[in-house]
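1. Sequence and predicted model, in that order:
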Amino acid sequence: MPPRPRFDRRAPVRELPNINDRISYPKLRVVDSDGTQLGVISREEALDVAKDRELDLVLVSEKADPPVCRIMDYGKFKFEQEKKAKEAKKKSHQTEVKEVKMRYKIDQHDYEVRIGHAIRFLKSGDKVKCTVIFRGREIQHTALAETLLRRMAKDLEEQAEVQQAPKREGRNMIMFLTPRKTPLVKAEKDEKKNSRAVRTITAPPRSIASPRNIEKENI
């Protein structure tokens, strides 16, 4: 049996930037820190110019003939590049497909839990795959599963749009929702009953019979 390989405890070799003394090309096309072209000069001359300006000589294009270098503050340049990369990473979001599974006989509490999960996924910018799972003879109740998925789409209409309508796939029925890009505008269907004119007929007030009139009628 071959011996087990030993764990390498050495730190991984980091790729160092080609700056200053690490640049080995004898001739370089050099660009000054303000963008001025210094032309093609020797490596030693380029290093002397960078040293006089208290800056670094950085290799920009190794494939050019001769290679191109720029005089700059490499520490500041590296900090700005890392800052830009972090900002771009924050702005960019990789859209993922998150799945919400349930049975067509799901109770109200579990259904509300699935709705909460879907809302959280949609707010983070992810798509939601709603899956109804059938077991055994439950496959006969696809109509109930479709009704459940359409109910879920209705309950999530403020946060999501239906990307794919309920569709049977094997022993499951699935529906895809995507985050809503435009706000939902609901039509106002409330009937304004108070604004309708209601025709009423008022009965004439009854005259209260006085005791004298009652005596006359009896006479």
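-> In hand now; what should we look at?

2. so how far is the lengthiest helix in the chain off the chain centroid?
-> The single longest helix within the chain, with elements called by DSSP state H, is helix 74-91. Centroid separation for helix 74-91 versus its chain: 22 Å, with Cα atoms, centre = their mean, to the nearest Å.

3. Any chance you could list what contacts that helix?
-> 17, 19, 55-56, 58 (Cβ atoms under 8 Å, 6 or more residues apart in numbering). (Each C-beta comes from the backbone N, C-alpha and C, glycine too.)

4. Any of these buried? List them.
-> 19, 55-56, 58 (16 or more other Cβ atoms under 10 Å).

5. Include distance to K84 and pLDDT when you put the contacts of helix 74-91 into CSV, please.
-> What follows is the contacts of helix 74-91, written out as CSV (distance: Cβ to Cβ, whole Å; pLDDT from 0 to 100):
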residue, distance to K84, pLDDT
P17, 17, 74
I19, 19, 87
L55, 21, 93
D56, 19, 92
V58, 17, 91
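
6. Tell me which of these fall in strands.
-> 56, 58 (DSSP state E).

7. Now for the contacts of helix 74-91: which two are most distant?
-> P17 and L55 (14.2 Å; Cβ to Cβ).

8. returning to what we had before: distance between the next helix or strand after the longest helix of the chain and the chain's centre?
-> Next helix or strand after helix 74-91 toward the C-terminus (DSSP states H and E): strand 97-102. Taking Cα atoms, centre = their mean, one finds strand 97-102 lying 16 Å from the centre of the chain it belongs to.

9. quick one: buried residues of the helix or strand just after strand 97-102?
-> Following strand 97-102 in sequence order, the next helix or strand is helix 108-123 (DSSP H and E). Buried residues in helix 108-123, counted by 16+ other Cβ under 10 Å: 114-115, 118-119, 121-122.

10. Alright, calling it a day.
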